[in-house]
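1. model the following, please.
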Amino acid sequence: MNKLIAIGCGSTLMGIGINGFILPQHILNGGFIGLALLLKYTAGFQVGMTIICLSAPIFLMALHYNKLYFFNSLMGMLLSSLLIDGMFPLQGLFHLPIWISACIGGTLIGTGVGVMMRYNTCVGGLDLLALLMSKWFRFNPGLLMIILDAIIITTGMLVLKDPYLLFSFVTILIAGFVTALLTSYQSVNLFLS
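-> Numbering: from 1, shown residues only. This is a model prediction of the structure:
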């Protein structure tokens with residue numbers, strides 16, 4: 001029951017963070033969410049549906065390591081993707097400076113991801129990949145996410161050529177920091193053992 005509440009709360013926080021603060025400012029996030037946002041900005045794809053498509057190969061890898069974790073994370077990915085696409089009416093609701101939107105969006109997304117990871121579930125492929133990599137390299141998954149996210153943001157900056165995308169680094173640093181605070185080796189032991 002706690003896991004279902006964590007998935008619901010984490011997914012809701014992510015949906016609010018992305019639709020209320022990230023999308024309206026054309027900020028990128030990291031992970032497959034960031035790649036999905038990049039595809040939204042360049043080709044008009046739906047963010048949630050794109051996350052599902054990008055995550056499928058990583059989820060198949062996770063199935064090999066831990067079937068229970070796979071099913072929990074599949075639930076988290078599907079619910080968060082549904083809420084990200086379903087909460088689109090929040091776009092344009094908040095009229096804040098871009099740096100405040102980056103901070104609030106990063107905090108909400110990081111809290112959502114961290115809560116879900118704390119209960120041994122995650123939202124999508126890159127979070128799951130960070131957990132797999134933390135198993136192999138014994139590194140905090142939140143810190144790994146910062147590194148992988150920075151690569152995605154840099155790619156987005158090269159493709160979109162928008163100087164405001166620098167605020168995306170604020171978003172991923174805050175999201176990664178909050179996720180790192182909410183996770184520890186003990187909190188992901190089920191997956192790593």
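2. low-confidence stretches in this protein?
-> For the chain, the stretches with pLDDT under 70 are 124, 127, 142, 184-193.
3. could you pull out the helices in it for me?
-> Taking DSSP state H, the helices of the chain run over residues 2-17, 31-43, 47-65, 67-86, 98-118, 125-137, 141-160, 166-182, 189-192.
4. now do L90 against G10, distance only.
-> 17 Å (Cβ to Cβ, to the nearest Å). C-beta coordinates here come from the backbone N, C-alpha and C atoms, glycine included.
5. show me which of these two is the more surrounded one.
-> Set L90 next to G10 and count neighbours by other Cβ atoms under 10 Å: G10 wins out with 29 against 17.
6. distance of that one from G112?
-> 4 Å.
7. what do these two both touch?
-> Common neighbours of G10 and G112, counting by Cβ atoms under 8 Å, 6 or more residues apart in numbering, are 80, 123.
8. I84 versus the residue lying closest to Y164 once chain neighbours are set aside, what's the distance?
-> On the basis of Cβ to Cβ, 6 or more residues apart in numbering, the spatially nearest residue to Y164 that is not a chain neighbour turns out to be I98, at 6.1 Å. For I98, the distance to I84 equals 20 Å [Cβ to Cβ].
9. still on that earlier bit, nearest to Q25, of the helices of the chain?
-> When those are compared by Cβ to Cβ, helix 98-118 sits nearest Q25, at 4.6 Å.
10. which strands or helices does the closest one pack on?
-> With contacts defined as 3 or more Cβ pairs under 8 Å, 6 or more residues apart in numbering; DSSP states H and E, the packing partners of helix 98-118 are helix 2-17, helix 67-86, helix 125-137, helix 141-160, helix 166-182.
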